[in-house]
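**Q** After the sequence you'll find the predicted model.
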Amino acid sequence: MIFVGAGPGQPDLLTVRATRALESAEIVVYDQLVSPAVLNLIKPDAQKISLSEVLGGSTGKDVGRIIGKCLATYATNSRNVVRLKGGDPTIFARLREEIEPLNEHSISFEIIPGITSATAAAAAAGTPLTSRNISSSLTIVTGHEA
């Protein structure tokens, strides 16, 4: 079971490890934040599952746990499952809720980071997020509460 960060959307901004994971996956569960260009990297015979299929209209606090239970089922029945998440899986991505069911079933997982929107925006603007003697720390906050 591998959580892959899809970054801001351009396939050439994925890590080499992320690209390899997509090219070898048997099942890829992805969310609507993942660009079609990144989805095109998934091997043709892999099963692609949109979260809209998994969630069936569910919203709110239980969404992460529902996804996690689905991932646990897929990972139990398949050797190579990828959960493809927009941006970085560890930042504002409900990752904790998704991995709890995996831990409950003793399913091991790996996390492959992705470029965050914060770092991508700074790079696109040509400006550093931190600078010696000007900004010695960085805080990332969500724009809303779930």
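**A** The structure has been received and is ready for your questions.

**Q** Follow the chain on from the lengthiest helix in the chain and name the next helix or strand.
**A** Using DSSP state H to define each element, the chain has its longest helix at helix 63-77. Next helix or strand after helix 63-77 toward the C-terminus (DSSP states H and E): strand 81-85.

**Q** how far is that following strand from where the chain is centred?
**A** Centroid separation for strand 81-85 versus its chain: 6 Å, with CA atoms, centre = their mean, to the nearest Å.

**Q** can you list contacts of that strand?
**A** With CB atoms under 8 Å, 6 or more residues apart in numbering as the test, strand 81-85 has contacts from 1-6, 21-22, 25-31, 33-34, 38-39, 67, 71, 74-75, 89, 93, 95, 98, 114. Quick note: C-beta positions are derived from backbone N, CA and C, even for glycine.

**Q** Using CSV, write down the CA coordinates of it.
**A** The C-alpha coordinates for strand 81-85 follow below in CSV (Å, rounded to 0.1, in the frame of the first residue of the first chain):
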residue,chain,number,x,y,z
VAL,A,81,-2.4,-0.5,-4.3
VAL,A,82,-1.7,3.2,-4.7
ARG,A,83,-3.7,6.0,-3.0
LEU,A,84,-3.0,9.0,-5.3
LYS,A,85,-3.6,12.3,-3.5
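
**Q** so what's the most centrally placed residue in the chain bridging to?
**A** With distances taken as CA atoms, centre = their mean, Lys85 lies nearest the centre of the chain, 2.1 Å away. Taking DSSP bridges as the rule, Lys85 bridges to Gly5.

**Q** any idea how far it lies from Asp31?
**A** Noted for Lys85: a distance of 6 Å to Asp31, by CB to CB, to the nearest Å.
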